[in-house]
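S.K.: A structural model of the following input is requested.
(4 chains)
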There are 2 protein chains.
Amino acid sequence: MERRRGAELEAGLLDAAWDELMESGYSALTMEAVAARAKTGKQVLYRRWKNRAELVLAAMRHRTGSITDDVPDTGSLRSDVLAVLQRMADRFESIGPDVIHGLLAEAPDLDPEVFTRMSPVMATIVRRAAARGEIPTADLPARVLTAPANLLRHEMLLTRGPLSEETLTSLVDDVFLPLVT
Amino acid sequence: MERRRGAELEAGLLDAAWDELMESGYSALTMEAVAARAKTGKQVLYRRWKNRAELVLAAMRHRTGSITDDVPDTGSLRSDVLAVLQRMADRFESIGPDVIHGLLAEAPDLDPEVFTRMSPVMATIVRRAAARGEIPTADLPARVLTAPANLLRHEMLLTRGPLSEETLTSLVDDVFLPLVT
DNA sequence: GACATAAGAGACGCAACGTCTCTTAGAAGC
DNA sequence: GCTTCTAAGAGACGTTGCGTCTCTTATGTC
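M.R.: Numbers count the residues shown, from 1 in each chain, chains lettered A, B, ... in the order given. Below is the predicted model:
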(Lines give C-alpha, C1' and ligand atoms only; values in the text may rest on other atoms or scores of the structure.)
Protein backbone atom coordinates (compact mmCIF):
# COMPACT_ATOMS: atom_id res chain seq x y z
CA MET A 1 0.00 0.00 0.00
CA GLU A 2 1.25 3.43 -1.00
CA ARG A 3 1.65 6.17 1.54
CA ARG A 4 1.65 9.87 0.85
CA ARG A 5 4.10 12.12 2.70
CA GLY A 6 5.07 15.73 3.21
CA ALA A 7 3.50 18.41 1.06
CA GLU A 8 1.49 15.97 -1.04
CA LEU A 9 -0.14 14.48 2.01
CA GLU A 10 -0.75 17.85 3.58
CA ALA A 11 -2.47 19.16 0.46
CA GLY A 12 -4.64 16.04 0.48
CA LEU A 13 -5.62 16.66 4.06
CA LEU A 14 -6.51 20.29 3.41
CA ASP A 15 -8.50 19.38 0.32
CA ALA A 16 -10.39 16.78 2.30
CA ALA A 17 -11.11 19.33 5.01
CA TRP A 18 -12.31 21.86 2.45
CA ASP A 19 -14.58 19.35 0.72
CA GLU A 20 -16.00 18.30 4.03
CA LEU A 21 -16.57 21.94 4.89
CA MET A 22 -18.47 22.55 1.67
CA GLU A 23 -20.52 19.44 2.08
CA SER A 24 -21.38 19.51 5.77
CA GLY A 25 -20.66 23.05 6.94
CA TYR A 26 -18.52 23.95 9.88
CA SER A 27 -20.52 22.65 12.79
CA ALA A 28 -21.05 19.24 11.23
CA LEU A 29 -17.43 18.86 10.19
CA THR A 30 -15.71 16.21 12.26
CA MET A 31 -12.07 15.28 12.43
CA GLU A 32 -13.11 11.70 11.92
CA ALA A 33 -14.86 12.51 8.65
CA VAL A 34 -11.92 14.52 7.35
CA ALA A 35 -9.52 11.71 8.16
CA ALA A 36 -11.77 9.15 6.53
CA ARG A 37 -12.17 11.25 3.40
CA ALA A 38 -8.42 11.68 3.17
CA LYS A 39 -8.06 7.94 3.73
CA THR A 40 -5.86 8.38 6.75
CA GLY A 41 -6.03 8.39 10.54
CA LYS A 42 -6.93 11.13 12.99
CA GLN A 43 -3.44 11.24 14.37
CA VAL A 44 -2.15 12.54 11.06
CA LEU A 45 -4.45 15.53 11.49
CA TYR A 46 -3.68 16.14 15.12
CA ARG A 47 0.01 15.94 14.41
CA ARG A 48 -0.36 19.09 12.29
CA TRP A 49 -3.22 21.12 13.72
CA LYS A 50 -4.21 21.14 17.30
CA ASN A 51 -7.96 21.36 16.75
CA ARG A 52 -10.79 21.80 14.28
CA ALA A 53 -10.50 25.56 14.10
CA GLU A 54 -6.84 25.46 13.10
CA LEU A 55 -7.46 22.82 10.51
CA VAL A 56 -10.33 24.73 8.97
CA LEU A 57 -8.39 27.98 8.95
CA ALA A 58 -5.49 26.24 7.24
CA ALA A 59 -7.87 24.75 4.69
CA MET A 60 -9.28 28.20 3.95
CA ARG A 61 -5.85 29.71 3.51
CA HIS A 62 -4.89 26.80 1.27
CA ARG A 63 -7.87 27.48 -0.95
CA THR A 64 -8.17 31.22 -1.23
CA GLY A 65 -5.08 33.40 -1.49
CA SER A 66 -4.62 36.75 0.20
CA ILE A 67 -6.95 39.57 -0.74
CA THR A 68 -4.22 42.13 -0.37
CA ASP A 69 -2.29 40.70 -3.27
CA ASP A 70 -3.26 43.22 -5.87
CA VAL A 71 -5.09 46.46 -5.25
CA PRO A 72 -7.68 47.38 -7.88
CA ASP A 73 -6.66 50.35 -10.02
CA THR A 74 -9.46 51.20 -12.41
CA GLY A 75 -8.81 54.93 -12.64
CA SER A 76 -11.77 55.97 -10.52
CA LEU A 77 -12.17 55.99 -6.76
CA ARG A 78 -15.74 54.77 -6.90
CA SER A 79 -15.06 51.74 -9.01
CA ASP A 80 -11.87 50.90 -7.12
CA VAL A 81 -13.81 50.73 -3.87
CA LEU A 82 -16.62 48.80 -5.49
CA ALA A 83 -14.11 46.34 -6.90
CA VAL A 84 -12.49 45.72 -3.58
CA LEU A 85 -15.83 45.26 -1.86
CA GLN A 86 -16.98 42.93 -4.59
CA ARG A 87 -13.84 40.89 -4.10
CA MET A 88 -14.57 40.62 -0.38
CA ALA A 89 -18.13 39.59 -1.11
CA ASP A 90 -17.10 36.88 -3.58
CA ARG A 91 -14.59 35.49 -1.20
CA PHE A 92 -17.08 35.47 1.60
CA GLU A 93 -19.73 33.82 -0.52
CA SER A 94 -17.42 30.96 -1.37
CA ILE A 95 -16.81 30.36 2.31
CA GLY A 96 -20.19 31.04 3.84
CA PRO A 97 -21.25 32.68 7.07
CA ASP A 98 -21.43 29.48 9.13
CA VAL A 99 -17.75 28.84 8.75
CA ILE A 100 -16.84 32.32 9.91
CA HIS A 101 -19.18 32.15 12.85
CA GLY A 102 -17.87 28.77 13.76
CA LEU A 103 -14.33 30.05 13.74
CA LEU A 104 -15.17 33.16 15.69
CA ALA A 105 -16.97 31.11 18.28
CA GLU A 106 -14.32 28.44 18.64
CA ALA A 107 -11.07 30.30 18.12
CA PRO A 108 -11.12 33.15 20.63
CA ASP A 109 -7.88 34.79 19.52
CA LEU A 110 -6.99 33.09 16.29
CA ASP A 111 -8.20 35.60 13.78
CA PRO A 112 -7.89 39.32 14.48
CA GLU A 113 -5.25 39.33 11.80
CA VAL A 114 -7.69 38.05 9.20
CA PHE A 115 -9.90 41.09 9.61
CA THR A 116 -7.41 43.94 9.56
CA ARG A 117 -5.99 43.40 6.10
CA MET A 118 -8.30 45.82 4.36
CA SER A 119 -6.96 48.99 5.86
CA PRO A 120 -3.76 49.26 3.78
CA VAL A 121 -5.67 48.36 0.62
CA MET A 122 -8.10 51.21 1.15
CA ALA A 123 -5.24 53.54 2.02
CA THR A 124 -3.61 52.83 -1.33
CA ILE A 125 -6.83 53.37 -3.25
CA VAL A 126 -7.46 56.68 -1.52
CA ARG A 127 -3.89 57.84 -2.01
CA ARG A 128 -4.19 57.26 -5.74
CA ALA A 129 -7.51 59.09 -5.87
CA ALA A 130 -5.98 62.07 -4.10
CA ALA A 131 -3.04 62.04 -6.50
CA ARG A 132 -5.51 62.13 -9.40
CA GLY A 133 -7.22 65.09 -7.76
CA GLU A 134 -10.50 63.20 -7.28
CA ILE A 135 -10.62 64.04 -3.60
CA PRO A 136 -9.06 66.92 -1.67
CA THR A 137 -6.92 64.84 0.69
CA ALA A 138 -5.82 61.30 1.38
CA ASP A 139 -5.46 62.10 5.05
CA LEU A 140 -8.64 60.53 6.35
CA PRO A 141 -9.55 59.16 9.78
CA ALA A 142 -8.90 55.42 10.02
CA ARG A 143 -12.54 55.02 10.91
CA VAL A 144 -13.61 56.40 7.54
CA LEU A 145 -11.09 54.32 5.66
CA THR A 146 -12.30 51.09 7.19
CA ALA A 147 -16.00 51.93 7.25
CA PRO A 148 -17.01 50.37 3.91
CA ALA A 149 -15.26 47.06 4.52
CA ASN A 150 -16.48 46.92 8.09
CA LEU A 151 -20.07 47.65 7.15
CA LEU A 152 -19.94 45.06 4.42
CA ARG A 153 -18.52 42.49 6.79
CA HIS A 154 -21.19 43.33 9.32
CA GLU A 155 -23.83 42.84 6.67
CA MET A 156 -22.44 39.54 5.50
CA LEU A 157 -22.10 38.16 9.00
CA LEU A 158 -25.53 39.13 10.24
CA THR A 159 -27.79 38.66 7.25
CA ARG A 160 -27.72 35.20 5.79
CA GLY A 161 -28.33 34.79 2.13
CA PRO A 162 -26.54 36.52 -0.74
CA LEU A 163 -26.26 40.26 -0.66
CA SER A 164 -27.75 42.42 -3.34
CA GLU A 165 -25.86 44.49 -5.85
CA GLU A 166 -27.59 47.47 -4.29
CA THR A 167 -25.92 46.90 -0.93
CA LEU A 168 -22.47 47.51 -2.35
CA THR A 169 -23.39 50.62 -4.30
CA SER A 170 -25.30 52.02 -1.36
CA LEU A 171 -22.28 51.49 0.87
CA VAL A 172 -20.13 53.44 -1.53
CA ASP A 173 -22.57 56.12 -2.69
CA ASP A 174 -24.45 56.80 0.54
CA VAL A 175 -21.64 56.39 3.03
CA PHE A 176 -18.12 56.32 1.71
CA LEU A 177 -18.07 58.89 -1.07
CA PRO A 178 -19.94 61.57 0.91
CA LEU A 179 -17.33 61.18 3.65
CA VAL A 180 -14.30 61.74 1.45
CA THR A 181 -15.40 64.58 -0.79
CA MET B 1 -39.82 18.14 49.43
CA GLU B 2 -41.04 21.36 47.93
CA ARG B 3 -41.46 21.74 44.19
CA ARG B 4 -41.51 25.00 42.27
CA ARG B 5 -43.95 25.46 39.43
CA GLY B 6 -44.93 27.83 36.66
CA ALA B 7 -43.42 31.29 36.54
CA GLU B 8 -41.40 30.85 39.71
CA LEU B 9 -39.71 27.74 38.38
CA GLU B 10 -39.12 29.28 34.99
CA ALA B 11 -37.44 32.32 36.52
CA GLY B 12 -35.25 29.97 38.53
CA LEU B 13 -34.23 28.10 35.40
CA LEU B 14 -33.37 31.29 33.53
CA ASP B 15 -31.41 32.65 36.48
CA ALA B 16 -29.48 29.41 36.68
CA ALA B 17 -28.75 29.58 32.97
CA TRP B 18 -27.59 33.17 33.25
CA ASP B 19 -25.31 32.43 36.21
CA GLU B 20 -23.85 29.50 34.39
CA LEU B 21 -23.31 31.70 31.36
CA MET B 22 -21.44 34.29 33.42
CA GLU B 23 -19.34 31.69 35.14
CA SER B 24 -18.45 29.36 32.29
CA GLY B 25 -19.18 31.27 29.11
CA TYR B 26 -21.30 30.01 26.27
CA SER B 27 -19.28 27.15 24.92
CA ALA B 28 -18.74 25.59 28.32
CA LEU B 29 -22.35 25.92 29.34
CA THR B 30 -24.06 22.57 29.51
CA MET B 31 -27.68 21.69 29.96
CA GLU B 32 -26.63 19.32 32.69
CA ALA B 33 -24.91 22.07 34.66
CA VAL B 34 -27.87 24.42 34.33
CA ALA B 35 -30.24 21.73 35.53
CA ALA B 36 -27.98 20.88 38.45
CA ARG B 37 -27.64 24.52 39.45
CA ALA B 38 -31.40 24.96 39.34
CA LYS B 39 -31.73 21.74 41.37
CA THR B 40 -33.88 20.10 38.77
CA GLY B 41 -33.70 17.65 35.90
CA LYS B 42 -32.81 18.11 32.25
CA GLN B 43 -36.27 17.24 31.12
CA VAL B 44 -37.61 20.38 32.77
CA LEU B 45 -35.32 22.40 30.51
CA TYR B 46 -36.05 20.46 27.35
CA ARG B 47 -39.76 20.73 28.01
CA ARG B 48 -39.42 24.52 27.58
CA TRP B 49 -36.55 25.14 25.18
CA LYS B 50 -35.51 22.84 22.44
CA ASN B 51 -31.76 23.45 22.73
CA ARG B 52 -28.96 25.42 24.31
CA ALA B 53 -29.30 28.40 21.99
CA GLU B 54 -32.97 28.92 22.81
CA LEU B 55 -32.37 28.61 26.52
CA VAL B 56 -29.52 31.10 26.44
CA LEU B 57 -31.49 33.53 24.33
CA ALA B 58 -34.39 33.29 26.76
CA ALA B 59 -32.02 33.87 29.67
CA MET B 60 -30.64 36.97 27.99
CA ARG B 61 -34.09 38.35 27.34
CA HIS B 62 -35.06 37.60 30.93
CA ARG B 63 -32.09 39.60 32.20
CA THR B 64 -31.81 42.62 30.00
CA GLY B 65 -34.91 44.40 28.79
CA SER B 66 -35.39 45.84 25.34
CA ILE B 67 -33.10 48.62 24.22
CA THR B 68 -35.87 50.29 22.30
CA ASP B 69 -37.81 51.03 25.44
CA ASP B 70 -36.86 54.65 25.79
CA VAL B 71 -35.06 56.73 23.22
CA PRO B 72 -32.51 59.18 24.64
CA ASP B 73 -33.59 62.81 24.35
CA THR B 74 -30.82 65.03 25.61
CA GLY B 75 -31.52 68.00 23.35
CA SER B 76 -28.57 67.46 21.05
CA LEU B 77 -28.14 65.05 18.18
CA ARG B 78 -24.55 64.29 19.06
CA SER B 79 -25.20 63.33 22.64
CA ASP B 80 -28.36 61.43 21.75
CA VAL B 81 -26.42 59.21 19.39
CA LEU B 82 -23.57 58.84 21.85
CA ALA B 83 -26.06 57.86 24.54
CA VAL B 84 -27.66 55.20 22.41
CA LEU B 85 -24.31 53.77 21.38
CA GLN B 86 -23.13 53.79 24.97
CA ARG B 87 -26.23 51.87 25.94
CA MET B 88 -25.48 49.27 23.27
CA ALA B 89 -21.92 49.01 24.48
CA ASP B 90 -22.92 48.54 28.13
CA ARG B 91 -25.42 45.90 27.22
CA PHE B 92 -22.90 44.11 25.10
CA GLU B 93 -20.24 44.27 27.76
CA SER B 94 -22.53 42.61 30.28
CA ILE B 95 -23.11 39.76 27.86
CA GLY B 96 -19.73 39.32 26.25
CA PRO B 97 -18.67 38.48 22.71
CA ASP B 98 -18.43 34.72 23.23
CA VAL B 99 -22.13 34.43 23.94
CA ILE B 100 -23.05 36.32 20.81
CA HIS B 101 -20.69 34.31 18.67
CA GLY B 102 -21.97 31.13 20.19
CA LEU B 103 -25.52 32.07 19.37
CA LEU B 104 -24.70 33.17 15.86
CA ALA B 105 -22.87 29.95 15.23
CA GLU B 106 -25.49 27.67 16.72
CA ALA B 107 -28.76 29.36 15.88
CA PRO B 108 -28.75 29.84 12.12
CA ASP B 109 -31.99 31.79 11.90
CA LEU B 110 -32.91 32.59 15.45
CA ASP B 111 -31.75 36.15 15.77
CA PRO B 112 -32.05 38.53 12.82
CA GLU B 113 -34.71 40.24 14.85
CA VAL B 114 -32.28 41.00 17.66
CA PHE B 115 -30.10 43.06 15.38
CA THR B 116 -32.62 45.23 13.56
CA ARG B 117 -34.05 47.03 16.54
CA MET B 118 -31.79 50.03 16.31
CA SER B 119 -33.18 51.48 13.12
CA PRO B 120 -36.39 52.98 14.54
CA VAL B 121 -34.47 54.36 17.52
CA MET B 122 -32.09 56.24 15.26
CA ALA B 123 -34.97 57.40 13.11
CA THR B 124 -36.62 59.00 16.12
CA ILE B 125 -33.41 60.71 17.21
CA VAL B 126 -32.82 62.11 13.77
CA ARG B 127 -36.40 63.25 13.39
CA ARG B 128 -36.12 65.24 16.61
CA ALA B 129 -32.82 66.75 15.50
CA ALA B 130 -34.38 67.86 12.24
CA ALA B 131 -37.35 69.35 14.11
CA ARG B 132 -34.89 71.35 16.25
CA GLY B 133 -33.20 72.56 13.08
CA GLU B 134 -29.91 70.87 13.91
CA ILE B 135 -29.79 69.11 10.58
CA PRO B 136 -31.37 70.01 7.23
CA THR B 137 -33.45 66.87 6.81
CA ALA B 138 -34.51 63.70 8.59
CA ASP B 139 -34.86 61.94 5.27
CA LEU B 140 -31.65 59.93 5.27
CA PRO B 141 -30.71 56.68 3.56
CA ALA B 142 -31.29 53.67 5.81
CA ARG B 143 -27.63 52.84 5.35
CA VAL B 144 -26.61 56.10 7.03
CA LEU B 145 -29.11 55.71 9.82
CA THR B 146 -27.85 52.29 10.76
CA ALA B 147 -24.16 52.92 10.14
CA PRO B 148 -23.15 53.93 13.66
CA ALA B 149 -24.84 51.00 15.37
CA ASN B 150 -23.60 48.57 12.74
CA LEU B 151 -20.03 49.80 12.96
CA LEU B 152 -20.13 49.60 16.73
CA ARG B 153 -21.51 46.09 16.58
CA HIS B 154 -18.84 45.11 14.10
CA GLU B 155 -16.20 46.51 16.42
CA MET B 156 -17.55 44.73 19.47
CA LEU B 157 -17.85 41.41 17.71
CA LEU B 158 -14.44 41.38 16.11
CA THR B 159 -12.19 43.00 18.68
CA ARG B 160 -12.24 41.32 22.03
CA GLY B 161 -11.63 43.40 25.09
CA PRO B 162 -13.43 46.56 26.15
CA LEU B 163 -13.79 49.36 23.66
CA SER B 164 -12.34 52.76 24.30
CA GLU B 165 -14.29 55.94 24.88
CA GLU B 166 -12.59 57.20 21.76
CA THR B 167 -14.22 54.57 19.57
CA LEU B 168 -17.69 55.91 20.27
CA THR B 169 -16.81 59.55 19.73
CA SER B 170 -14.93 58.74 16.56
CA LEU B 171 -17.92 56.83 15.22
CA VAL B 172 -20.12 59.85 15.80
CA ASP B 173 -17.71 62.67 14.93
CA ASP B 174 -15.82 61.11 12.02
CA VAL B 175 -18.61 59.15 10.41
CA PHE B 176 -22.15 59.90 11.47
CA LEU B 177 -22.24 63.67 11.92
CA PRO B 178 -20.40 64.42 8.67
CA LEU B 179 -23.00 62.33 6.87
CA VAL B 180 -26.05 64.13 8.19
CA THR B 181 -24.98 67.77 8.05
C1' DG C 1 20.79 -2.92 4.40
C1' DA C 2 19.82 -0.82 9.09
C1' DC C 3 17.42 2.67 11.34
C1' DA C 4 14.52 6.48 12.48
C1' DT C 5 10.39 8.62 11.50
C1' DA C 6 5.82 9.24 10.61
C1' DA C 7 1.63 7.07 8.13
C1' DG C 8 -2.46 4.31 8.65
C1' DA C 9 -5.64 2.21 11.59
C1' DG C 10 -8.40 1.91 15.35
C1' DA C 11 -9.17 1.18 20.55
C1' DC C 12 -9.89 3.93 24.52
C1' DG C 13 -11.96 6.91 28.18
C1' DC C 14 -14.54 10.98 28.55
C1' DA C 15 -18.07 14.47 28.21
C1' DA C 16 -22.42 16.04 26.81
C1' DC C 17 -26.14 15.46 23.95
C1' DG C 18 -31.16 14.55 23.67
C1' DT C 19 -34.58 10.78 24.78
C1' DC C 20 -36.73 7.82 27.86
C1' DT C 21 -38.81 6.03 32.01
C1' DC C 22 -40.14 6.16 36.73
C1' DT C 23 -41.80 7.92 41.07
C1' DT C 24 -44.18 11.46 43.45
C1' DA C 25 -45.65 16.45 44.62
C1' DG C 26 -49.09 19.55 44.12
C1' DA C 27 -53.00 21.71 41.69
C1' DA C 28 -57.75 20.95 39.96
C1' DG C 29 -62.26 18.69 39.90
C1' DC C 30 -66.08 16.40 42.14
C1' DG D 1 -61.49 15.16 51.41
C1' DC D 2 -60.53 11.90 47.99
C1' DT D 3 -59.39 11.07 43.20
C1' DT D 4 -57.11 12.32 39.15
C1' DC D 5 -54.08 14.44 36.06
C1' DT D 6 -50.12 17.01 34.94
C1' DA D 7 -45.53 18.06 35.28
C1' DA D 8 -41.32 18.12 38.57
C1' DG D 9 -37.26 15.78 40.01
C1' DA D 10 -34.04 12.31 39.18
C1' DG D 11 -31.22 9.65 36.59
C1' DA D 12 -30.34 5.65 33.18
C1' DC D 13 -29.55 5.13 28.40
C1' DG D 14 -27.52 4.95 23.68
C1' DT D 15 -24.97 7.91 20.64
C1' DT D 16 -21.56 10.85 18.90
C1' DG D 17 -17.23 13.00 18.55
C1' DC D 18 -13.46 14.53 21.02
C1' DG D 19 -8.41 14.11 21.84
C1' DT D 20 -4.95 10.58 23.40
C1' DC D 21 -2.72 6.37 22.98
C1' DT D 22 -0.69 2.28 21.05
C1' DC D 23 0.64 -0.72 17.42
C1' DT D 24 2.25 -2.23 12.97
C1' DT D 25 4.51 -1.10 8.77
C1' DA D 26 5.91 1.83 4.65
C1' DT D 27 9.26 4.99 3.21
C1' DG D 28 13.12 8.18 3.16
C1' DT D 29 17.97 8.70 5.11
C1' DC D 30 22.60 7.29 6.24
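S.K.: Let me see the contact set for the residue in chain A positioned nearest to DNA strand C.
M.R.: Across chain A, the shortest distance to DNA strand C (CB to the nearest atom of the strand) belongs to residue A:41, at 2.5 Å. Heads up, the C-betas are built off the backbone N, CA and C, glycines and all. By CB atoms under 8 Å, 6 or more residues apart in numbering or on different chains, the contact set of residue A:41 is residue A:35.
S.K.: how close does it get to residue A:145?
M.R.: With distances taken as CB to CB, to the nearest Å, residue A:41 is found 47 Å from residue A:145.
S.K.: repeat for residue A:13
M.R.: Distance, residue A:13 to residue A:145, using CB to CB: 38 Å.
S.K.: State the pLDDT value of residue A:18.
M.R.: The pLDDT attached to residue A:18 in the predicted structure is 96.
S.K.: Can you get me a residue count around it?
M.R.: Per other CB atoms under 10 Å in any protein chain shown, the neighbour tally for residue A:18 reads 19.
S.K.: Please identify the helix or strand for it.
M.R.: Using DSSP states H and E, residue A:18 sits within helix A:6-24.
S.K.: Touching that helix from outside, list them.
M.R.: A:4, A:29, A:33-35, A:37-38, A:40, A:44-45, A:48, A:55-56, A:58-60, A:62-63, A:99.
S.K.: Can you flag which of those residues belong to helices?
M.R.: A:33-35, A:37, A:44-45, A:55-56, A:58-60, A:62-63, A:99 (DSSP state H).
S.K.: Which entry within those residues corresponds to the minimum pLDDT?
M.R.: Sorting the ones in helices among the contacts of helix A:6-24 by confidence puts residue A:63 at the bottom, with a pLDDT of 88.
S.K.: dump the residue contacts of that residue.
M.R.: A:14, A:18.
S.K.: Go again with 10 Å.
M.R.: By CB atoms under 10 Å, 6 or more residues apart in numbering or on different chains, residue A:63 lies in contact with A:14, A:15, A:17, A:18, A:21, A:22, A:91, A:94, A:95.
S.K.: Please apply the same query to residue A:148.
M.R.: Contact analysis of residue A:148 by CB under 10 Å, 6+ apart lists A:81-82, A:84-85, A:88, A:118, A:122, A:168, A:171-172, A:175-177, A:179.
S.K.: can you tell me which two in these are farthest apart?
M.R.: A:88 and A:179 (18.7 Å; CB to CB).
S.K.: if we can go back for a sec, kindly give a single PyMOL line that selects the buried subset of the contacts of residue A:63.
M.R.: To isolate the buried members of the contacts of residue A:63 in PyMOL, using 16 or more other CB atoms under 10 Å in any protein chain shown:
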select buried, chain A and resi 14+15+17+18+21+95
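S.K.: quick one, strands of chain A?
M.R.: Using DSSP state E, no strands are found in chain A.
S.K.: which parts of chain A sit against DNA strand D?
M.R.: Residues of chain A lying near DNA strand D by CB under 7 Å from any atom of the strand: A:1-3, A:5, A:28-32, A:41-43, A:46, A:51-52.
S.K.: Selecting buried members of the residues you listed in ChimeraX, what would you type?
M.R.: The buried residues among the residues of chain A next to DNA strand D can be selected in ChimeraX (16+ other CB under 10 Å) with this line:
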select /A:29,31,52
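S.K.: Closest one of the residues of chain A next to DNA strand D to residue B:131?
M.R.: For the residues of chain A next to DNA strand D, the nearest to residue B:131 is residue A:28 (52.4 Å; CB to CB).
S.K.: wait, the closest one sits on residue A:98?
M.R.: Yes. At 9.3 Å, residue A:28 and residue A:98 qualify as touching, with contact defined as CB atoms under 10 Å.
S.K.: Where does the prediction get shaky in chain A?
M.R.: A:1, A:108, A:110-115 (pLDDT under 70).
S.K.: switch the cut-off to 80
M.R.: A:1-2, A:65-69, A:107-116, A:160-161 (pLDDT under 80).
S.K.: Which members of the ones in helices among the contacts of helix A:6-24 are the farthest-apart pair?
M.R.: Using CB to CB, the pair of these lying farthest apart is A:44 and A:99, separated by 22.3 Å.
S.K.: if you count what's nearby, which of these two comes out ahead?
M.R.: Neighbours were counted for residue A:44 and for residue A:99 using other CB under 10 Å; residue A:99 has more, 22 against 16.
S.K.: That one is in contact with residue A:55, isn't it?
M.R.: No. Taking CB under 10 Å as the definition, residue A:99 is not a contact partner of residue A:55, at 12.0 Å.
S.K.: any common contacting residues for the two?
M.R.: Both residue A:99 and residue A:55 are contacted by A:21, A:29, under the criterion CB under 10 Å, 6+ apart.
S.K.: All good on my end, thank you.
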